[in-house]
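Asker: Provided below are the primary sequence and the corresponding predicted coordinates.
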Amino acid sequence: MAVKIRLTRMGDKKTPFYRVVVADSRKARDGKYIDLLGTFNPLTKPEEIKIDANKAASWLTKGAEPTETAKVVLKKANVVFPEKKAKVKKEAKATKAVKVEEKVEEKPAAKKTAAKKPAAKKTATKTTAKKTTKKEA
């Protein structure tokens with residue numbers, strides 16, 4: 001089950017008001033949700049954001065993924081994203097492993113390309129010889 005932190009639209013026509021909720025990604029935008037984290041009102045001059053930071057942080061540690069818009073709203077509400085630290089470490093290890101593999105693969109690849117060049121010249125001469133014979137006939 002993919003759990004997302006996202007916004008559900010409330011309010012009247014042309015006066016949107018949003019709830020920040022935790023919901024199953026397969027549910028409708030304004031459908032049933034698991035937990036209510038807070039509200040977001042974009043129409044007030046300083047945007048009004050009321051979010052329970054502890055609830056949001058606990059859902060993020062459990063694996064809930066915020067949508068792009070929800071991520072912006074959570075950052076404005078100063079919610080700490082604990083999963084970023086773990087991802088950075090994993091990415092650093094992955095890039096080190098890729099660099100080591102590239103160094104190993106570079107040496108044999110250079111030998112293979114050098115061997116292919118003379119073979120390519122031979123095939124080119126054969127095709128030109130065939131073309132000249134077709135023209136003569």
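Answerer: Thanks, I have it.

Asker: show me where the protein has helices.
Answerer: 53-62, 68-76, 83-136 (DSSP state H).

Asker: Contacts for the second one next, please.
Answerer: Right, helix 68-76. The set of residues external to helix 68-76 that reach it, using CB atoms under 8 Å, 6 or more residues apart in numbering, is 4-7, 18, 20, 40, 47, 49, 51, 56, 66, 81. Every C-beta, even on glycine, is put in place using the N, C-alpha and C of the backbone.

Asker: Let me know the angle separating it from helix 53-62.
Answerer: Between the axes of helix 68-76 and helix 53-62, defined by axes from the mean of the first three to the mean of the last three CA atoms, to 10 degrees, the angle is 130 degrees.

Asker: Any buried residues in helix 68-76, and which?
Answerer: 70, 73-74 (16 or more other CB atoms under 10 Å).

Asker: domains of the chain?
Answerer: Annotated domains of the chain cover 3-81, 82-137 [automatic domain parsing].

Asker: which residues touch V79?
Answerer: Listed by CB under 8 Å, 6+ apart, the contact partners of V79 are 51, 53, 56-57, 60.

Asker: Just name the closest of the buried residues of helix 68-76 to G11, please.
Answerer: Of all those, V73 has the smallest distance to G11: 15.7 Å, by CB to CB.

Asker: how close does that closest one get to K27?
Answerer: Separation of V73 from K27 (CB to CB, to the nearest Å) stands at 19 Å.

Asker: go on, E47?
Answerer: 26 Å.

Asker: do N54 as well
Answerer: The spacing between N54 and K27, counted by CB to CB, is 24 Å.
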